[in-house]
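Participant: got a predicted structure here, sequence first:
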Amino acid sequence: MTTENRWNNAISKAADINGEQSARYLGEGRFLIISASDPDNGAYEVRLTASDAATPATTCSCPAGEHGFPCWHQATALLMAGYADAPEPVVEPDVAARPDAAAIGAFLSNPQAIFNA
Ligand SMILES: [Zn+2]
């Protein structure tokens with residue numbers, strides 16, 4: 001699935017399930033979105049930044065968002081933030097989900113090690 005298709009699907013789902021009802025704005029570009037699949041226990045945080053008014057960038061703590069994919073949580077936040085046409089954002093993998101620099105350095109210095117572990 002292309003990123004564009006994923007984004008279109010995310011927008012459609014946000015609209016279909018009225019995502020704004022599941023969302024709360026926490027301030028400073030942060031949104032709490034209640035999970036659709038596990039509303040009793042699941043909530044994800046979307047962070048929205050913009051380098052300029054036309055170019056939003058988002059992160060989401062859900063499984064899709066951690067892999068840098070669009071999701072309806074991010075779509076909902078963009079719609080709530082007034083990106084009425086919901087332009088395709090620059091989706092950034094959740095920073096917290098990225099391997100740390102030491103782990104990357106260790107991998108690069110001995111990439112075969114992961115096959116021997
Ligand atoms: Zn998400």
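Facilitator: Done, it's in.
Participant: give me the pLDDT for S37.
Facilitator: We have a pLDDT of 79 for S37.
Participant: looks to me like it is in a helix.
Facilitator: No: per DSSP: H, G, I helix; E, B strand; the rest coil, S37 lies outside any helix segment and is coil.
Participant: could you give the number of residues near it?
Facilitator: Using other Cβ atoms under 10 Å, the number of residues around S37 comes to 7. For the C-beta atoms, the positions are set from N, CA and C on the backbone; glycine is no exception.
Participant: just W72 next, same as before
Facilitator: That count, for W72 with other Cβ under 10 Å as the rule, works out to 24.
Participant: same thing with G27?
Facilitator: Using other Cβ under 10 Å, G27 is surrounded by 6 other residues.
Participant: what's the answer for E4, then?
Facilitator: Around E4 there are 10 residues (other Cβ under 10 Å).
Participant: now the phi/psi pair for it, please.
Facilitator: phi -60, psi -40 (degrees, to the nearest 10).
Participant: and the average pLDDT for the strand ranked longest in the chain is what?
Facilitator: Criterion DSSP state E: the longest strand present in the chain is strand 43-52. The average of the pLDDT scores along strand 43-52 is 85.
Participant: packing partners of that strand?
Facilitator: strand 30-34, strand 55-60, helix 72-80 (3 or more Cβ pairs under 8 Å, 6 or more residues apart in numbering; DSSP states H and E).
Participant: what's in contact with the first one?
Facilitator: Applying Cβ atoms under 8 Å, 6 or more residues apart in numbering, the external contacts of strand 30-34 come out as 19, 22-26, 42-48, 60, 73, 76-77, 80.
Participant: which strand residues bridge I34?
Facilitator: A43 (DSSP bridges).
Participant: quick one: it from the ion, how far?
Facilitator: Relative to the ion, I34 is positioned 11 Å away (Cβ to the ion, to the nearest Å).
Participant: what residues does the chain have near the ion?
Facilitator: 44, 60, 62, 65, 71, 73 (Cβ under 5 Å from the ion).
Participant: residues touching the third one, list them.
Facilitator: With contacts defined as Cβ under 8 Å, 6+ apart, the neighbours of C62 are 35, 44, 71, 73.
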